[in-house]
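Trainee: Build me a model:
(4 chains)
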Protein chains: 2
Amino acid sequence: MAVGAGNRNPEAGPASQQDMRRQNLAVVLGTVADAVAGQGPLSRADVAGLTGLTRAAVSSLVDELIGRGALTELETAPSGRVGRPGRALAVSSCGPAGLGLEVGVSHLGACVVDLRGESRVWRRVERANAGRPARRVLAELAELGAEAQAEAAGLGLHVEGRVLAVPGVVPTARQGLIEHAPNLGWHAVRPADHWPDPDTVPVPENEANLGALAEYWQAEHGAETFVHVSAEAGIGAALIVDGQLFRGARGFAGELGHIPVDPDGVPCPCGARGCLEQYAGEAAVLREAGLAATADPVVLLADRAAAGDPAALRALDRAGRALGLALASAVNLIDPDALVLGGAYAELGEWLLPAVRAELAARVTVRPWDPEALHCSALGRRGALLGAALLTVRRIIADPTLLPVA
Amino acid sequence: MAVGAGNRNPEAGPASQQDMRRQNLAVVLGTVADAVAGQGPLSRADVAGLTGLTRAAVSSLVDELIGRGALTELETAPSGRVGRPGRALAVSSCGPAGLGLEVGVSHLGACVVDLRGESRVWRRVERANAGRPARRVLAELAELGAEAQAEAAGLGLHVEGRVLAVPGVVPTARQGLIEHAPNLGWHAVRPADHWPDPDTVPVPENEANLGALAEYWQAEHGAETFVHVSAEAGIGAALIVDGQLFRGARGFAGELGHIPVDPDGVPCPCGARGCLEQYAGEAAVLREAGLAATADPVVLLADRAAAGDPAALRALDRAGRALGLALASAVNLIDPDALVLGGAYAELGEWLLPAVRAELAARVTVRPWDPEALHCSALGRRGALLGAALLTVRRIIADPTLLPVA
DNA sequence: GGTGTTTGTCAGGGCGGAAAACAAATTAGT
DNA sequence: ACTAATTTGTTTTCCGCCCTGACAAACACC
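Mentor: Numbering: from 1, shown residues only, chains lettered A, B, ... in the order given. Sure thing, here's the model as predicted:
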């Protein structure tokens, strides 16, 4: 009898038969979606065996999922085993899809991901968005999104949800509001107020959170609980706990940038002293490396480091040690399966990782710690946009009744 | 569409009608249990209105809950309102109960809590358990537990589960094993191997976790997400996230004691430098205050501080500042609703709180922070034993089918 | 005492999964 | 080539659970 086992959330309302159906639809669809990589396509009987449902129940559920366009029956391939061969099931590669949109400081992006999680349309254009009026930026993004949606329609995909990744604070309580995006110069922007077409308004979400979710949904490491660090302007961490994004009581969880790494160190604009951001933030690293801010300072820094520039290497080493110190606190508190460096950090990983690893090894001592648990994201800066599109897809897989019954 | 909304755990198995029934039984019982304090006892119709279930369904569920001994029908009191008066429902004060057991360094404890969460039997005896063979300690505890259970039987209570609070590591993976309890000198102790009566073997659980759960279940502050700090020999934190104990990927979450508060500070036996434990741990505070270890050093320290001893006050201030620094990291990462000082810290709160508050105010700057969110536990050192008994009770409320149908 | 209101229960129906039987499609064996 | 064995997918029957609607019971108000 482990603590927490069986302690379902008492706030959850009563269960109805529709909830049961919904849950079982999700179980069947999720089983097919997750097992694709495993051992070839599944049949109804396979799904029944894996889930514990009856073949009859699975048949009924699969019929409904096909009717909603979530599943497809493939051509039956000879299996070689004795007995009647099963009809192969697969998540539809044409049909429902998710549209992801992104506003960055220097770019706009749009992508469409199908139910299998594969990116089918990808658009990215460079734009200097800082300081531009939100209305203009969003109008241009809407255009880009419409193009992507049209291209997806040509592939047989139908967009079922739209999510907008923004580098800013999107409070949990006030749906649809971008409270503050310092790098863009946005305050209290509500996309719905500026979007040209009221039928295609996207839901905003913080880009670091989306990047972490993309990492969880797509990455190879099967970590269910991990910390995803991303540095754009500030240093933010997104916490994935048991496969769920953890936002904290008020949505401010993961403020890694203001963890104290040197209690009496340099003052930070936030008012405290010795915040991580003053040691491992973009501005601090550039200053230490003796570089001026440019259009893409991350690439510049990576080039200098690759060329063996001692100042750049020293700056990155110092940043890595500070980051490692802060992450040691995170490991001690959260005990994650993995630590993932994403966003800009992913591209500097080669020079950051040794210092971070060394600091972690020295500071995480009271539990087993695998150095390989710290690694760089394979998605890099694509994570946020991918996550935005995947969010819709994963919501559909978690609740296929969101799809129209056709 | 908030991130995480509707993302139910895909690992969850299929739902059956029994699951639905179980859930609805829990909803009804939980509604009656939680609303007792609100506005007098509830009737079936009240429960139906609160939960959204039909009166007919509630009737059926209530009948089953009465049959299992979880609910009781009270004498109908005149309500004064028009219409047929409802039959008042209440959680049984006699019937199912939870037994809590505790092994401390200097005491043994046992208590019985009824389904309402009220402590009905409380036993605590002083014993120097450090270094004694586990078999002897557990035999004596079993005796104490049997006495408590007998006394509870006299009150009409029937013990449905037994939980043992221990100051040590109880891994999630290996059920029923106390891996290591340094203060007791125990290694790899499995209570089942030493318990006299195989029918009453308790399940061990870490006392800090249980203290935090007791705080959550009993405390007035309605925080769903908080950090509960307890200092016995080491400094441990238990994290309650959305009303659930968060253990981390491997069960090591909450190691507050080894968060670095001074990166190049004094070396710690763990191998790192500047760990919180070296500044705010019991041994460090006593040393700083110029006191020798005694039977109950916490009381000694509190006496000195109350008397205005400058060394004691200085030591507590230093500890408080170090604790505040570490907690600032926790707040930045977790964004909890509250921070609770429990265990021995609760008794020293008067002298610790100002320094902790000051440090938090200086370090938690990038979000709203209410100084009152930090407070001391009202349960103090009773929390662990209470939590052990409550764990069974809360499990029953979360799943009433655990009770025999009578 | 009659009326209106609220409560608790009962009967009927629908929904959804389980169990068992059955038809279909393939391989293995002779 | 033909039968037996095996596995799959569907059909049928059954059961559990909640919902809808109706009804008796118990109170306040007039």
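
Trainee: number of nearby residues for the residue in the stretch 201-350 of chain A positioned nearest to DNA strand C?
Mentor: Here the stretch 201-350 of chain A gets closest to DNA strand C at one residue, residue A:243, 22.7 Å apart by C-beta to the nearest atom of the strand. For glycine as for every other residue, the C-beta is placed from the backbone atoms N, C-alpha and C. Each residue near residue A:243 was counted by other C-beta atoms under 10 Å in any protein chain shown, and the total is 18.

Trainee: neighbours of the residue of the stretch 301-406 of chain A at minimum distance from DNA strand C, just the number please.
Mentor: Across the stretch 301-406 of chain A, no residue is closer to DNA strand C than residue A:401, which sits at 9.5 Å (C-beta to the nearest atom of the strand). A count of neighbours around residue A:401, defined by other C-beta under 10 Å, yields 14.

Trainee: mind listing what it touches?
Mentor: Contact partners of residue A:401, counting by C-beta atoms under 8 Å, 6 or more residues apart in numbering or on different chains, are A:21-22, A:25, A:68.

Trainee: any idea which of these is closest to residue A:222?
Mentor: Taking C-beta to C-beta as the measure, residue A:25 is the one of the contacts of residue A:401 closest to residue A:222, at 24.4 Å.

Trainee: How about the residues of the stretch 51-200 of chain A by DNA strand D?
Mentor: Proximity of the stretch 51-200 of chain A to DNA strand D, by C-beta under 7 Å from any atom of the strand, involves residues A:55-56, A:59, A:62-63, A:81-87.

Trainee: How about the residue of the stretch 101-250 of chain A found nearest chain B: what's its closest non-neighbour residue?
Mentor: Of the stretch 101-250 of chain A, the residue with the smallest distance to chain B, taken as C-beta to the nearest C-beta, is residue A:248 at 2.6 Å. Taking C-beta to C-beta, 6 or more residues apart in numbering or on different chains, and ignoring the residues beside it in sequence, residue A:248 has residue B:335 as its nearest neighbour in space, at 2.6 Å.

Trainee: Which pLDDT value does the model give the nearest residue to residue A:130 once chain neighbours are set aside?
Mentor: If the residues on either side of it in the chain are set aside, residue A:130 comes closest to residue A:105, at 5.3 Å by C-beta to C-beta, 6+ apart. Looking at residue A:105, its pLDDT reads 88.

Trainee: Residue A:105 contacts residue A:166, correct?
Mentor: No. Under the criterion of C-beta atoms under 8 Å, residue A:105 is not in contact with residue A:166, lying 10.6 Å apart.

Trainee: overlap in contacts of the two?
Mentor: Going by C-beta under 8 Å, 6+ apart, residues that sit against residue A:105 and also against residue A:166 are residue A:184.

Trainee: okay, the two: which has more neighbours?
Mentor: In this comparison of residue A:105 against residue A:166, neighbours counted by other C-beta under 10 Å, the higher total goes to residue A:166 at 25 against 17.

Trainee: what does the host helix or strand of residue A:56 rub up against?
Mentor: Counting by DSSP states H and E, the secondary-structure element that holds residue A:56 is helix A:55-67. Taking C-beta under 8 Å, 6+ apart as the criterion, the residues outside helix A:55-67 that touch it are A:24-25, A:28-29, A:44-45, A:47-48, A:51, A:53, A:71-73, A:89, A:400, A:405-406, B:14.

Trainee: one more time with 6 Å
Mentor: For helix A:55-67, contacts defined as C-beta atoms under 6 Å, 6 or more residues apart in numbering or on different chains pick out A:24-25, A:28-29, A:44-45, A:47-48, A:71, A:400, A:406.

Trainee: now the helices for the stretch 51-200 of chain A?
Mentor: Remark: helices of the stretch 51-200 of chain A, listed N- to C-terminal, are A:55-67, A:134-154, A:191-194; assignment by DSSP state H, counting those that start in this stretch.

Trainee: Please export the C-alpha coordinates of the second one as PDB.
Mentor: Provided in PDB are the C-alpha atoms of helix A:134-154 (Å, rounded to 0.1, in the frame of the first residue of the first chain):
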ATOM      1  CA  ALA A 134       0.700  42.800 -32.100                       C
ATOM      2  CA  ARG A 135      -2.100  43.300 -34.600                       C
ATOM      3  CA  ARG A 136       0.300  43.500 -37.600                       C
ATOM      4  CA  VAL A 137       2.300  40.500 -36.400                       C
ATOM      5  CA  LEU A 138      -0.800  38.400 -35.800                       C
ATOM      6  CA  ALA A 139      -2.300  39.300 -39.100                       C
ATOM      7  CA  GLU A 140       0.800  38.100 -40.900                       C
ATOM      8  CA  LEU A 141       0.800  35.000 -38.800                       C
ATOM      9  CA  ALA A 142      -2.800  34.300 -39.600                       C
ATOM     10  CA  GLU A 143      -1.900  34.500 -43.300                       C
ATOM     11  CA  LEU A 144       1.000  32.000 -42.800                       C
ATOM     12  CA  GLY A 145      -1.300  29.700 -40.900                       C
ATOM     13  CA  ALA A 146      -4.000  29.900 -43.600                       C
ATOM     14  CA  GLU A 147      -1.400  28.900 -46.200                       C
ATOM     15  CA  ALA A 148      -0.300  26.000 -44.000                       C
ATOM     16  CA  GLN A 149      -3.800  24.900 -43.500                       C
ATOM     17  CA  ALA A 150      -4.500  25.000 -47.200                       C
ATOM     18  CA  GLU A 151      -1.400  23.000 -48.000                       C
ATOM     19  CA  ALA A 152      -2.500  20.500 -45.300                       C
ATOM     20  CA  ALA A 153      -6.000  20.300 -46.900                       C
ATOM     21  CA  GLY A 154      -4.300  19.200 -50.100                       C
END
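
Trainee: Kindly provide the distance from residue A:302 to residue A:105.
Mentor: From residue A:302 across to residue A:105, the span is 18 Å (C-beta to C-beta, to the nearest Å).

Trainee: what sits against the closest residue to DNA strand D within the stretch 151-300 of chain A?
Mentor: Taking C-beta to the nearest atom of the strand as the measure, the stretch 151-300 of chain A has residue A:156 as its residue closest to DNA strand D, at 23.7 Å. Residue A:156 sits next to residue A:94 when contact means C-beta under 6 Å, 6+ apart.

Trainee: same thing but at 7 Å, please
Mentor: With contacts taken as C-beta atoms under 7 Å, 6 or more residues apart in numbering or on different chains, residue A:156 has the following neighbours: A:94-95.

Trainee: And the next helix or strand past the helix or strand of chain A with the lowest mean pLDDT?
Mentor: The element with the least model confidence among the helices and strands of chain A, by mean pLDDT, DSSP states H and E, is helix A:344-347, at a mean of 87. As assigned by DSSP H and E, the chain's next helix or strand after helix A:344-347 is helix A:349-363.

Trainee: what packs against the helix or strand following that next one?
Mentor: Along the chain past helix A:349-363, the next helix or strand (assigned with DSSP H and E) turns out to be strand A:374-376. Contact analysis of strand A:374-376 by 3 or more C-beta pairs under 7 Å, 6 or more residues apart in numbering or on different chains; DSSP states H and E lists strand A:338-343, helix A:349-363 as its packing neighbours.

Trainee: Please consider this matter closed, and thank you.
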